[in-house]
Structure formats: structure tokens, C-alpha cells
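[1] Let's see this in three dimensions:
(chains A and B)
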Number of protein chains: 2
Amino acid sequence: MVVANNPHLNACAIVGIGATEFSRNSGRSELTLATEAAVAAAADAGVAVSDIDGMVRCDMDFVQHNALADALGLPNLSFWSDVGVGGGAPAAMVGQAVAAIMSGQASTVLVYRALNGRTGARYGQGDGQGAEGGGGGSYLEYFSPYGLNTPGQMWSMLARRHMVEFGTTSEHLAHIAMTCRENANANPLAQMHGRPMTMDDYLASPMLTDPLRLFDYCIETDGAVALIVTSLERARDLPQPPAVIRAVAQGVQAGMQPGIAFPSMMRASLTTMPSAPTAARLYARAGMTPADIDVAQFYDCFTMTALIQLEDYGFCAKGEGGPFAASGAIRRGGSIPINTAGGHLSEGYLHGVNHILEGVRQIRGTSTSQVEGAEVSLVTSGLPIATSAMILTKGVL
Amino acid sequence: MVVANNPHLNACAIVGIGATEFSRNSGRSELTLATEAAVAAAADAGVAVSDIDGMVRCDMDFVQHNALADALGLPNLSFWSDVGVGGGAPAAMVGQAVAAIMSGQASTVLVYRALNGRTGARYGQGDGQGAEGGGGGSYLEYFSPYGLNTPGQMWSMLARRHMVEFGTTSEHLAHIAMTCRENANANPLAQMHGRPMTMDDYLASPMLTDPLRLFDYCIETDGAVALIVTSLERARDLPQPPAVIRAVAQGVQAGMQPGIAFPSMMRASLTTMPSAPTAARLYARAGMTPADIDVAQFYDCFTMTALIQLEDYGFCAKGEGGPFAASGAIRRGGSIPINTAGGHLSEGYLHGVNHILEGVRQIRGTSTSQVEGAEVSLVTSGLPIATSAMILTKGVL
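    Residues are numbered from 1 along each chain as shown, chains lettered A, B, ... in the order given. I've put the predicted structure just below:
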């Protein structure tokens, strides 16, 4: 393993994870959800809530740091920050925690995401996104008049292009959805637990944004998740087996455009994502290759998002994501099991952060679709605009 | 000098600064302004724009990272993040850059702030702030129905309380405003250059939010500023004398409340700010005391903000900020010259980030109100909600 210059190699670990239930109607505010998840994460880590001295927030979270600090009764935070854009942020949020700890700005950092994604502000409605582009100009103003507004619409164009260029089919996409559903059916806490999905079910689901069907879309979730990051040195004194943070990386792609609007059509290629440069950076920092990865949680706002990342993270060649998914390689027992808690497609959509919790469970050996002997766990956060990713290991490898 | 555990001590430096003109009508977008300032900062640093691989943004900036990266032609950012809240962020933004560099996530980090504060979204209008509290709940909903909306209104209550408790007077506040104006008159680039202010001028200015007059308010500015942070090791090969980052700190205060809304009335004390815990943390990390500081740039959205910080940062006892300001101690030649470019009150309001540029100029010896032999430069970012601060030094002390 040849590690590129990576000062954060094995410096920190995820030592606690916590979550609320994932539902379609939480019946309480995002702040209450975030508070519950944070308390659970601290308890899991074996640290006092009052030990938390740093906080990292996703830029799209409705819960501000100081609201949560106030709810948790933290009088003396020494570090807080945000990362975006949205679902591209989660692994970078952990990267922020690592950076805060290494630079001495905090010792015990809470990373959280709370979302009433069903009963609160529902994503994918196409409204309000323009404002995110702000004074920098949102390209959405060029798309919206033509009705091109929502992530589903944008991703449909990426999916269609992948089909045109590489012969990818709906059946290929179905295998991503069915794998996630299969894992959700092993996970009693998944929203789609108890609802098996067959190929016929998938093909019968309503076409929403051709070629993407309902079952190509992630689900809408009310809930919150949280995790605790600390130094590896301190992690060794805590009760849980530490998920050692071997490397984190963020990445963008030349020609990306302003804001949260998805101007993915304005890039040189529609069939790759910033996950390609992110992957290269991550593997260099980790001194690893795809062959070293035992299990992966891919950001899956849509089936197509996960499919493209199978290619961008090097598990198959560009264009071969469809047949690769259909081969069974991504199922439990396959060469690279993915989204073992059910993913955004079937566990819940906590905007990438629940994937980190599952990445940690795989290291601990407590997943409901545990990959036997898993020692290296990949977690990605991905959008066509910007991505991040991390590699967690069982102990220091 | 006894330095508390501070891994970032002298690890990085500010090596480049850049700014547009400060005006009341820039005639161009925030993105254009940010781009100009970033290019100027890179040129000043002696680095290629394409060397920039990290970016830190204030959470309230209208310019998104990827908009600016696109404008600058940066194809491969490896780090980006946000910090808030608003004017409490700037020193923390530099802290982010330091953390990114130390953890190996970036090597050359751009910190920027662009604002059409006069011709664009004007602050202090009392509209739109509620949204920031989001699902966490904004306390503004309890204040707004009574007409308590704007920062000026909030600060008037802090100022009145300080007057009641400590006998602070309008004339005391005037000395903060006049000191800033005096410095602006030495700085040809300050918005208020060429407009001297006497005590009579101050007292004749309109009472806006009793006891705060027009001249207690910062000015509205269109403009942008940017700076480049890199490792000290690399800084030594660059043309400018590096402003070594000795310590950064963020801080909040028990009982702070959600979001950007200013619920400063709901705290135990109205006459101190989170600058008190921030100062304690900063001095411990730097191994310094107020006596070591040669020159300070205090966040001055209002005169009262700077006055409280004179106390919280230990330059005088609590309650004595008024007489201390009136003594001349804060003027050039005094014991602790402040806001030597003119401050937000008279140079321009770039939301705290222009203060960092002036802090660097004092280290370089290029301020228009240069403190002779200045070796230690304090820069603060401050709100009643959350603050940050940093100490820069001339070389490694």
C-alpha cells in the first residue's frame, strides 16, 4: 500500500453512531430529531454529551449549530462549520471533523443530519432551488422555463445518455433497486422493510421522468442521524471498536456550475460524476485500490447515481455499470456488496449521512447484511456537482 | 509564553490579500467581485490562480464555491467548506483553511467574501432573517410582532444595558466612531476617506435606534476581499512577508439561541459577548496575553460591538470600555490602536473579512495607519451569537 502524502491517515475514528426511527411522519421538528440522534450517538460512543466541543452541519440542514448546541446544553463549543452541496457533503463533513481535531480546534466532534423529508420541505419539488445560486447566478433560470427543474428530471437525462452511449437498460437499473430492497428486507429499521421487490414490481412502477421510474427514486424520509468523531488515540479508550478514518476526499469536476441547481447537462460528459476525481484522490490518500474495498455504501438518490459510481470508483469499467449490477456482484456475497442497510432507495434518505452509519456498522460487524470479515468500508456522497468519500478500516491496517 | 495544546501554532500563514474597490455601487455581481478579489490575492501571494485547491466561504455569501471555482477556471478543488454565522465567521474561515492544510485536504486555500451590501441584499432590513432559523425554530417569531427585527434594534438594547450598568455614554461611543473615521481618512481606499468626523458631527447624526445614532452603524458596502492561506513551509518561498497564523479560535456563549436572529436579550448578560470565551481560548492557544498584542481589528458592525470587545479581549476591565475608548488608547499611538484601515464604521463593511486584510498589512508594515514595529496583530469576528478571532505574527515569535 503506497500512501500519498496524507497527514490524516489513521488520525481519527468514528466512535459513536445514533439515529432516530426513519418514517414518513416523524411528528416532531428537525431540531428534536437531531437532538435525539446526537444523544444516541454520544451514548453509543460512551462519551458524555457535554464532551462534544465541535459540530459539523450539512449546508442544507434546517438545524443550525447553535440551535442544536442549545438543545443539547453545550455551553462552550469551540468549533463548528458547514459543508455542501447537500448530498455531496457527508464524507466531507467527517473530513471537517478530522481537520478540526488534527488542528486542535476540537476534540469530540458531532456530525449530524436531520430531515423531515416527507412531512417538511420535500426535495425534488423544483421550487426554491434558484435562490441557492444567489448573486453568483443560477443556471436554473435557463432551465426552469422549459420545465427542467427537479433532480429526477436532471438525472433522467444522465440515465438516458448512459443508455444511449453504453446500452444500459431499465433492467440494469432494476438490479440496483432490487439489491437495496433486498438489504432493506434484512434490516428491520429500514423504511421498506417487509416490502420485497421483484423485477416485475420494478418494471410496473410508474414512469416518473423517463427513463426513471418510481423505484429508481430514493424514498422520502423523516428522521435524523448523528455520529461522533474523535482522535484515534482517544478512540482506543472508548467502548466501541473504532471505525478508523483512513482517508477522506472531496472532489469536483471541471465545468461544474453554480449552486445547488443541477446543470449537469453543461459538462463535457454526462456519464461520469465528480466521483471520478474524488475516487482517484481517495485511493491515493488511502494507498488502496478498489480491490481492497470489502463493502461500499454508494450515494443513491437515484439508481443511476449508484450505477455511475460503480464505474467512477473503479469496480467496473466505464459503461459497464449496468451489466456489473445485474451480475449480482453488488449483492451480499458478491464481489462488492453495496448499500447493505438498504440505501436511500430502501432504507431511508438521510442525505448520505445514514450511509456513514452503515459503513461504521460494517466495520463493527453489526450490519444486518454483514459482509463477513469486512475490514475496509467505502462510503460515498455524490452529486453531479460535487462529491466526497471516505474509507473506514477495522483497526489500523 | 506558555502555549496551551495547540497543534496549529505557526503551522500556516496568510501569504496573499486582494480586494476590489469599496463603494456604494459596484455595478457588477458578487461573483465578479469575488473573482477580482481572488485573482488579486493570488497575484499578491505570488501563486498561480490554478494553485488554489481549497476554498472557504462565509455561510451568508451569495457566491457559491463552485460558481467561483468555475469563474476562476479551477478544475480540481480538493476542499471547500462554509462557516457562519455571518460576521462571526471570518477568523474561523481562516481556521478552516489551516485545518484543511494541516490535514492534507488542500495546500493553497482561498478565503473570500463578496457583498453588494448597498445595491444588493441590504442587511439590517429585518426581512428574511426568520428563514435562517429553519426547522430548528427561529426566536424571531417572538420578537418580530413587536417590531424588534434588525441588528441595529438588537444592538441598541445591548448598548442601553451597558449604559445603565456602567455609565457608558454616547460620547464614549463617539470615540470609537471617530477613531475609525480618523483611520479612514489616512486610507485613500476607505469609503469614508475625506470625510472627517468631529464629536459634534457624531452627536448631530440622526438617532436611529436609541441610543444608537447613524454614526454608530457600520456603512453599507459593495465589494469583495480575498486572502490566500498556505503552510508556513511554503510561505517561506513566497514573495510577501508571511503573516504567521499563531492561533485561531471560535466561541459561543451558554444560552445562545438558534439561527441568525439576534436573541441577545435571552442571555444571562447583555454586556458581554461570546468574544469572552473566544478570547480566553485564543490567548491560551497563542500563549499570549492582551499585553502582547500590538494592534487589533475589532468587528464593528456597531460602535458598541467594538467597545464590548475591548473589555472581552482584556484591554480594559468589564464596564470600562467607554472611558478606555475615550482615553485615546485605541488611536494610532495609543496602547492598542484599533481598526487601522477605518473599520466597518468607516473603511467598508465586508463582514469582517476586510479586517483580516488589515491585520495582515500591519504585519507587513504596509497599513496607512501603521503601528510602528507591530509584530502581533489581533483580528476578531464578532456577533452576540458566535465569534471567532485570530492572532497573526511577524515571523515565528
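[2] contacts, neighbours, all on C-alpha from now
    Noted.
[3] contacting residues around the residue nearest in space to the middle of chain A?
    Nearest to the mean C-alpha position of chain A, by CA atoms, centre = their mean, lies A:G352 at 2.4 Å. Listed by CA atoms under 8 Å, 6 or more residues apart in numbering or on different chains, the contact set of A:G352 reads A:87-90, A:299, A:344, A:380-381.
[4] Got the phi and psi for it?
    As for A:G352, its main-chain torsions (degrees, to the nearest 10) stand at phi 100, psi -20.
[5] returning to what we had before: now tabulate the contacts of A:G352 in CSV and tack on secondary structure.
    Below are those laid out as CSV (DSSP: H, G, I helix; E, B strand; the rest coil):
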residue, secondary structure
A:G87, helix
A:G88, helix
A:A89, coil
A:P90, helix
A:Y299, coil
A:H344, helix
A:T380, strand
A:S381, strand
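[6] farthest-separated two in these?
    Pairwise distances among the contacts of A:G352 were taken by CA to CA; the largest, 15.1 Å, belongs to A:A89 and A:H344.
[7] burial of A:N5, as a residue count?
    Using other CA atoms under 10 Å in any protein chain shown, A:N5 has 13 other residues around it.
[8] thought it was touching B:Q105?
    No. Using CA atoms under 8 Å, A:N5 is not in contact with B:Q105, being 10.0 Å away.
[9] Enumerate every residue touching A:A280.
    So A:A280 contacts A:Y313 (CA under 8 Å, 6+ apart).
[10] In terms of pLDDT, where does it sit?
    You'll see A:A280 listed with a pLDDT of 96.
[11] A:E132 too?
    At A:E132, the model reports a pLDDT of 38.
[12] just A:G135 next, same as before
    Per the predicted model, pLDDT is 37 at A:G135.
[13] three-state assignment of the residue lying farthest from the centre of chain A?
    Ranked by distance from the centre of chain A (CA atoms, centre = their mean), the top residue is A:P145, with 30.8 Å. At A:P145, secondary structure determined by three-state DSSP is helix.
[14] any idea how far A:L270 is from it?
    Noted for A:P145: a distance of 22 Å to A:L270, by CA to CA, to the nearest Å.
[15] now do A:Q153
    According to CA to CA, A:Q153 and A:L270 sit 14 Å apart.
[16] what do you get for A:Y313?
    For A:Y313, the distance to A:L270 equals 16 Å [CA to CA].
[17] same question, A:R234
    Where A:L270 is concerned, A:R234 sits at a distance of 44 Å (CA to CA).
[18] who has more neighbours, these two?
    More neighbours surround A:L270 than the other of A:R234 and A:L270, with 19 against 15 (other CA under 10 Å).
[19] quick one, phi psi at the more buried one?
    Phi and psi for A:L270, reported as degrees, to the nearest 10, are phi -90, psi -10.
[20] in terms of contact, does it touch A:R160 like I think?
    No. Applying CA under 8 Å, one finds A:L270 not in contact with A:R160, separated by 9.5 Å.
[21] Walking through the stretch 101-250 of chain A, point out its helices one by one.
    A:130-133, A:140-143, A:151-166, A:170-186, A:199-204, A:232-235 (DSSP state H, counting those that start in this stretch).
[22] of all those, which lies closest to chain B?
    For chain B, the closest of the helices of the stretch 101-250 of chain A is helix A:130-133, at 6.9 Å, according to CA to the nearest CA.
[23] didn't A:A374 look like it was pressed against A:D292?
    No. At 10.3 Å, A:A374 and A:D292 do not qualify as touching, with contact defined as CA under 8 Å.
[24] More neighbours: the two, which one.
    Set A:A374 next to A:D292 and count neighbours by other CA under 10 Å: A:A374 wins out with 17 against 14.
[25] Show me which residues of stretch A:327-345 are buried.
    Residues of stretch A:327-345 classed as buried: A:328-332, A:336-345 (neighbour count, 16 or more other CA atoms under 10 Å in any protein chain shown).
[26] how about the CA coordinates for that stretch, as CSV?
    This file holds the C-alpha atoms of stretch A:327-345, laid out as CSV (Å, rounded to 0.1, in the frame of the first residue of the first chain):
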residue,chain,number,x,y,z
SER,A,327,-24.3,-9.8,-12.4
GLY,A,328,-25.0,-10.0,-8.7
ALA,A,329,-21.6,-8.5,-7.8
ILE,A,330,-23.3,-5.8,-5.7
ARG,A,331,-25.4,-8.2,-3.6
ARG,A,332,-24.4,-9.7,-0.3
GLY,A,333,-21.9,-12.4,-1.2
GLY,A,334,-20.9,-10.6,-4.4
SER,A,335,-17.5,-9.1,-5.0
ILE,A,336,-18.6,-5.6,-3.8
PRO,A,337,-21.8,-5.6,-1.7
ILE,A,338,-23.4,-2.2,-1.7
ASN,A,339,-25.9,-0.3,0.4
THR,A,340,-26.2,-3.0,2.9
ALA,A,341,-28.7,-1.2,5.1
GLY,A,342,-31.0,-0.7,2.1
GLY,A,343,-29.6,2.6,0.8
HIS,A,344,-31.5,5.8,0.1
LEU,A,345,-33.6,3.7,-2.2
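[27] so how far is it off the chain centroid?
    Chain-centre distance of stretch A:327-345: 15 Å, with CA atoms, centre = their mean, to the nearest Å.
[28] What of stretch A:51-64?
    The chain centre lies 16 Å from the centre of stretch A:51-64; the measure is CA atoms, centre = their mean.
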